[in-house]
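Undergrad: When you get a sec, could you give me coordinates for this:
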Amino acid sequence: MSPTLAVKGKDSGTARILGSGTAGIAELLVFHPVDTIAKRLMSNKAKAGASSLSTIIFRDFATAPIHTRFLSLFPGLGYAAGYKVAQRVYKFGGQPYFNDVLNNNFKSSFTNTFGERKGKLMMQATAGSLTGIGEVVLLPLDVLKIKRQVNPEAFRGRGVLRIFAEEGRNLYSGWGWTMARNAPGSFALFGASAWTKDVVLGVQDYSKATWTQNFIASISGAVASITVAAPLDTIKTRIQNANFESKTSGFTVFRELIKNEGPTALFKGLTPKILVVGPKLVFSYTLAQSLIPWFSKFV
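TA: Sure, this is the predicted structure:
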């Protein structure tokens, strides 16, 4: 018989789904407009000044009443809901699963290589990286969400089922760059968070961390993740916001970006992402880390 991997962990699968799913829904309701602003700033290829900022963010509604401008920041909410909830359930619920696999089957390898304490941290980070790589399965929903936010003309009145039928593999546009972004980004998110809990806050059992400890650790993880993933995220976003028929490769996008805008353009939108998208990740990650152990008491 072939060997099987032991995957049993402290928290039940139901608790992980409920905790991370609730965090995803709450994040969507609070932060979807912020995500739209960040995506539009990253997609803008011209120099942004105070006079053009409103047009970049609100587009055709730049001169509309304030309530209309605000509502214009909710394009693609349906796709965002499907993507965000599925993503958070997979990311925050899946990382503990991968960590259980590593802890129950490969703990000695990590301990022998990195030592007891660092091995524990490396397992958390590696589990995060594996989770990030697997997140590519949700890419079609992410592509549709981004296109609705920054390039609604790509839909041309088509419904989601027709788009899936007609576009097929085009919905996986930028899959390689997505995996390349997610692997180090998720490694940094879960690794920095675990390091902060263990080394800075002295938390040995992460599931028993207080809300405040989870919050502090999430800040470290979010800033590290966003910064590490920023260049690849910019390239991925530009690939995905093009029309469906566009076949431009990531290397072409990278070459043109460096040539026309300079290396610093790889970090376009980094400051607003850390200032406003960062709290989004901190919010949902803190909530998920706090809710999963809480739900485990009941299910």
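Undergrad: Next, Gly115: phi, psi?
TA: For Gly115, the backbone dihedrals (degrees, to the nearest 10) come out as phi 100, psi 170.
Undergrad: Report how many residues lie close to it.
TA: Here the number of neighbours of Gly115 (other Cβ atoms under 10 Å) works out to 12. (C-beta placed from N, C-alpha, C; glycine too.)
Undergrad: Can you give me the distance of it to Leu102?
TA: To Leu102, Gly115 is 16 Å away according to Cβ to Cβ, to the nearest Å.
Undergrad: low-confidence ranges in the chain?
TA: The chain contains residues with pLDDT under 70 at 1-9, 48, 76-80, 149-150, 241-247, 276.
Undergrad: Give me the distance between Asn104 and Gln95.
TA: 15 Å.
Undergrad: More neighbours: these two, which one.
TA: Between Asn104 and Gln95, counted using other Cβ under 10 Å, the more crowded position is Gln95 (24 against 13).
Undergrad: Help me confirm that the more buried one comes into contact with Ser193.
TA: No - under the criterion of Cβ atoms under 8 Å, Gln95 makes no contact with Ser193, lying 10.0 Å away.
Undergrad: Identify the contacts common to the two.
TA: Residues touching both Gln95 and Ser193 by Cβ atoms under 8 Å, 6 or more residues apart in numbering: Gln124.
Undergrad: Tell me the secondary structure of the closest residue to Thr22 other than its chain neighbours, please.
TA: Of all residues not flanking Thr22 in the chain, Leu291 sits nearest, at 5.7 Å (Cβ to Cβ, 6 or more residues apart in numbering). With DSSP: H, G, I helix; E, B strand; the rest coil as the basis, Leu291 sits in helix.
Undergrad: Any idea how many residues pack against Leu291?
TA: The local packing of Leu291 (other Cβ under 10 Å) involves 21 other residues.
Undergrad: Now for it: which residues touch it?
TA: Contacts of Leu291 by Cβ under 8 Å, 6+ apart are Leu18, Gly19, Ser20, Thr22, Ala23.
Undergrad: Good, we can wrap up now.
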